[in-house]
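S.K.: from the sequence below, what's the structure:
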Amino acid sequence: MNEDSAHFPPVDPVKTGIKGCCPRCGQGKLFDGLLGVKPRCAACGLDYSFADSGDGPAVFVILIVGFIVIGMVLWLQVNYGPPIWVHILLFAPLTIILSLTTLRWFKGILIAMQYRHNAREGRLSD
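M.R.: Residues are numbered from 1 along each chain as shown. Take a look at the predicted model:
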């Protein structure tokens, strides 16, 4: 990421990430489609080439959504004991919807945090 010489008021990374907006100006859109990152901000021109959230968002999603869904599965099984097809019918769509929604949120938050803290890939000095 190049040194940013533009002067914009700081934006909250969590709110910006959840809305999927530019981490610098908070106006332009960050995502192109569901999870793809645009090449640059349409509002302020920030180059998004620095944005590499890696596997971080997926780890958070697996832990959080997994905890929620498995807790609900266990509660339903202990209290009502339905057949397996009821579990599949209820929790497969819920898991997919929760995973995609939270994956987009966490990816946006982590990219906004990268920008705010000027995070870069680790390099060894010569």
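S.K.: and the longest helix along the chain, what other elements does it pack with?
M.R.: Using DSSP state H, we find that the single longest helix of the chain is helix 84-116. The elements that helix 84-116 packs onto, with contact taken as 3 or more CB pairs under 8 Å, 6 or more residues apart in numbering; DSSP states H and E, are helix 13-19, helix 56-80. C-betas here are computed from N, CA, C, even on glycine.
S.K.: so for the longest one, mean pLDDT?
M.R.: The average pLDDT for helix 56-80 rounds to 96.
S.K.: show me what it is packed up against.
M.R.: Against helix 56-80 (3+ CB pairs under 8 Å, 6+ apart) you get helix 84-116.
S.K.: could you pull out the buried residues of the helix it packs on?
M.R.: Residues of helix 84-116 classed as buried by neighbour count (16 or more other CB atoms under 10 Å): 91, 95, 98-99, 102-115.
S.K.: close enough to count as contact, residue 28 and residue 42?
M.R.: Yes. Contact criterion CB atoms under 8 Å: residue 28 and residue 42 qualify, at 4.6 Å.
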